[in-house]
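Trainee: Turn this into a structure:
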Amino acid sequence: MWRQDHPDIDLQDVPADLVTASASGLDPHITLENAELQLDRVALKWASDLHRDPPQVKKEIQQILMRNVAAPLNGLAGEKFVNVLEVNLALCKFYQRTP
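Mentor: Residues are numbered from 1 along each chain as shown. Down below sits the predicted model:
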């Protein structure tokens with residue numbers, strides 16, 4: 001389904017965690033690259049729900065993502081990641097919505 005919506009993206013450029021699940025399926029973390037690929041879709045939905053300008057909402061959400069970025073070993077190894085639950089809670093707080 002994702003592939004049908006994004007036929008122009010080279011599969012080598014897709015983060016692995018976008019198309020796979022953690023062993024338990026419960027890991028709340030995704031790579032920053034994965035989150036950024038979903039940013040347009042998420043921003044459009046929030047903008048629609050809030051009746052706001054999509055580019056402005058996208059900018060706000062990007063800032064929230066950047067405030068929630070972590071990296072293994074203080075950035076010395078591995079991919080940058082975000083905790084989706086924490087980002088969603090931050091979005092609800094910022095936009096004054098209940099989770």
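Trainee: Three-state assignment for P7, please.
Mentor: The local conformation at P7, judged by DSSP: H, G, I helix; E, B strand; the rest coil, is coil.
Trainee: what about it, neighbour count?
Mentor: Number of residues near P7 (other C-beta atoms under 10 Å) recorded here: 6. (C-beta placed from N, C-alpha, C; glycine too.)
Trainee: residue contacts, V84?
Mentor: Each residue near V84 by C-beta atoms under 8 Å, 6 or more residues apart in numbering is listed here: P28, H29, I30, A35.
Trainee: Restricted to helices, list these.
Mentor: Among these, the members falling in helices (DSSP state H) are A35.
Trainee: Would you reformat the contacts of V84 as CSV and include distance to K93?
Mentor: Formatted as CSV, those follow (distance: C-beta to C-beta, whole Å):
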residue, distance to K93
P28, 17
H29, 20
I30, 20
A35, 18
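Trainee: Can you tell me which of the contacts of V84 is closest to G75?
Mentor: Nearest to G75 among the contacts of V84, counting by C-beta to C-beta, is H29 at 15.2 Å.
Trainee: show me the contacts for the closest one.
Mentor: H29 touches F81, V82, N83, V84, counting by C-beta under 8 Å, 6+ apart.
Trainee: change it to 7 Å
Mentor: When contacts are counted by C-beta atoms under 7 Å, 6 or more residues apart in numbering, H29 is found next to F81, V82, N83.
Trainee: L76: neighbouring residues, count only.
Mentor: L76 has 7 nearby residues by other C-beta under 10 Å.
Trainee: Which one of the contacts of V84 sits in the busiest neighbourhood?
Mentor: A35 leads the contacts of V84 on contacts (other C-beta under 10 Å) with 24 neighbours.
Trainee: if I read this right, it contacts Q62, doesn't it?
Mentor: No. Distance between A35 and Q62: 9.5 Å, which falls outside the contact criterion (C-beta atoms under 7 Å).
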